[in-house]
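Structure, please.
(one chain, ligands or ions: 2)
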Amino acid sequence: MKRILSGIQPTGSLNIGTYLGSIKNFVKLQDQLPDYEFFIFIADLHAITVPKDKQKLRKLIRELAALYIACGLDPERVNLFIQSEVPAHAQMGYLLECHSYIGELERMTQYKDKSRKQETGVTVGLFTYPTLMAADILLYDPDFVPVGQDQKQHLELTRDIAQRINNRFNDIFTVPEPLISERGAKIYSFTDPTSKMSKSDDNVKSRIELLDPENIIKKRIKSAVTDSLGTIKYDPEKRPGISNLMMIYSVITGQSFEDIETAYADKGYKEFKDDLGEIVYQELKPIQDRYHELINSKELDAIFDKGRERAIEVSNRKLYKLMDRIGLGRKRK
Ligand code: ATP
Ligand code: LTN
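Ligands and ions are numbered 1, 2, ... in the order given. Next up is the predicted model:
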C-alpha cells in the first residue's frame, strides 16, 4: 500500500497559514486518495531543539491534535501519533546522522536563519534537526510528503540521504517526493507581508489563530498591512499585502484571482476586508465548535493510542532492517 506522511511541530497555536497551506490540503488528500495509508504526527522531539516550558508543550501537543481532527482529519483514515512515543524516530535519527555530512547540514537555510536569530545556546539538536526529520520520513516509506515551501530543502536532503543509504546498503528506503500545494502554498504575515505567517512570530497581530474569537479575526484582517493604491489587484511582487489577503480569500472560497478582481472592481479595501473577515470567521467557526468537544475527551487519547501502535509496528520494521544491513547488534531472524 502506498503511503503519505507529514509532521507538525507543537511550537505554538495553529494559524490560518498552516491551516490553508498545509492542513486543508492534507484533508483533501485523505478524501481523494482512498488507496493510501496516511501517517501524521506531532513532532514534539523537534520542538525541544529550543527550550520549552513543560506545561505549555503538553498543552500544545493535545491542542494541535484536537485541531487537526476538528479541521477534518479523519482518525479512522489517518494514523495520528506523537513522535516521542515512537522510539524508532530518535534511533533512526542517529543512524542517519552517521550517514550525513556537516557541510550539507550547514547549508540548510532554516538552520542558518534560526541560529542567526538566536545569539547564544544554539543546540546540536537544532543543527541535526534535518536528519531527525529525514528519519521521521524514511521510517515509513512514504511516496509523498505534504509540506510547505519552506520545508522543500529538508525534503531534498532526505532524498539525498535515502539515495546514499540505498546505494550503500542495497535499497532500503523509498525516495519520497514533496507534495507542495500550488495555491495557498504560502500565506504571509499581516504585519510584514514579505515574510511567512508563522506561529513563532512574537507579534500576535501578524496572524489569525484558529481558536481566535470572531472580533479578533475581524480586527486582524482590518489591520493587515496593504498599500496606498486601494484597488483589489493580485500582484504579489509589487503589492504583497493585498495579494496575500486575496490568496486567503481565494483558497477559502475557491474563486480565482480574476473573479475576485472583477467582484471588487469598483470597491475598496474596507469592503474587501469586511467580507474577508466574515469569510474567515465562517470557515473557522465549525472547527472551533468541534475542537471544544474533543479537547478534554477520552476519544483523543484513544486516537493517540491507536496511532502509536501502528507507527511502532511500521517504524521498528524499517529500523531493524537498516540495523541489520549495517551490522549492528546481533542478527535478527
Ligand atoms: P515556525 O514558524 O515555528 O517554524 P511554522 O509556523 O512554520 O512554525 P510548522 O509546524 O513548522 O509551522 O509547519 C507545519 C506545516 O505548515 C509545514 O508543512 C509548513 O511548511 C506549513 N506552513 C506553516 N506556515 C505556513 C504558511 N504561512 N503558509 C503556508 N504553509 C505554512
Ligand atoms: N520540519 C517540519 C515538521 C516536520 C515534518 C517531519 C514534516 C518534522 N518532521 C516529517 C514532514 C515530514 C516543519 O517545521 N514544518
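
what about the helix or strand of the chain with the lowest mean pLDDT, near ligand 2?
Every helix and strand in the chain was compared by mean pLDDT, DSSP states H and E; the lowest is helix 24-32, with a mean of 88. No - applying CB under 6 Å from any ligand atom, one finds helix 24-32 separated from ligand 2 by no less than 10.5 Å. Every C-beta, even on glycine, is put in place using the N, C-alpha and C of the backbone.

That helix near ligand 1 at all?
No - with CB under 6 Å from any ligand atom as the criterion, ligand 1 is not reached by helix 24-32; the gap is at least 9.0 Å.

what element comes up after that helix heading to the C-terminus?
strand 37-42 (DSSP states H and E).

near ligand 2 at all, stretch 47-63?
No - Stretch 47-63 does not reach ligand 2 (CB under 6 Å from any ligand atom); its nearest approach is 9.5 Å.

If you count neighbours, what's buried in stretch 219-226?
220-221, 224-226 (16 or more other CB atoms under 10 Å).

where in the stretch 151-300 of the chain is pLDDT low?
For the stretch 151-300 of the chain, applying pLDDT under 70 flags the ranges 181-185.

where do the strands sit along it?
In the stretch 151-300 of the chain, the strands defined using DSSP state E, counting those that start in this stretch lie at 177-179.

Run through the residues of it sitting next to ligand 1.
Near ligand 1, when you scan the stretch 151-300 of the chain using CB under 6 Å from any ligand atom, you find 151, 186-187, 196-200.

so which pair among these is furthest apart in space?
Lys186 and Ser200 (15.9 Å; CB to CB).

between those two, who's got more neighbours?
Lys186 (18 against 10; other CB atoms under 10 Å).

separation between the residue nearest to the more buried one when sequence neighbours are not counted and Leu179?
Nearest residue to Lys186 in three dimensions, chain neighbours excluded: Gln149, at 5.2 Å (CB to CB, 6 or more residues apart in numbering). Using CB to CB, to the nearest Å, Gln149 is found at 12 Å from Leu179.

Of the two, which one has the most company?
Neighbours were counted for Gln149 and for Leu179 using other CB under 10 Å; Leu179 has more, 17 against 13.

For that one, name its beta-bridge partners.
Pro146 (DSSP bridges).

residues making contact with stretch 254-261?
Stretch 254-261 is contacted from outside by 232-234, 246, 249-250, 263, using CB atoms under 8 Å, 6 or more residues apart in numbering.

which of those count as buried?
232, 234, 246, 249-250.

nearest to Ala135, of those residues?
Nearest to Ala135 among those, with distances taken as CB to CB, is Ser250, at 36.1 Å.

Among the buried ones among the contacts of stretch 254-261, name the ones in helices.
Judged by DSSP state H, the subset of these located in helices is 246, 249-250.

I'd like the distance between the residue in the stretch 201-333 of the chain that ligand 1 sits nearest to and Tyr281.
When scored by CB to the nearest ligand atom, the stretch 201-333 of the chain has Asp201 as its residue closest to ligand 1, at 7.0 Å. Asp201 is 22 Å from Tyr281, where distance means CB to CB.

Name the residues of stretch 38-58 that are buried.
38-47, 49-50.

you'd agree Leu5 is in a strand?
Yes - under DSSP: H, G, I helix; E, B strand; the rest coil, Leu5 falls within a strand.

tally of neighbours for Ala134?
28.

How about the one 3 residues further on?
Taking other CB under 10 Å as the neighbour definition, Ile137 ends up with a count of 27.

so who does it touch?
Per CB under 8 Å, 6+ apart, neighbours of Ile137: 5, 145, 155, 158, 176.

Around ligand 2, pick out the residues from the protein.
Counting by CB under 6 Å from any ligand atom, the residues of the chain near ligand 2 are 5-9, 43, 46, 133, 136-137, 145, 147, 151, 154.
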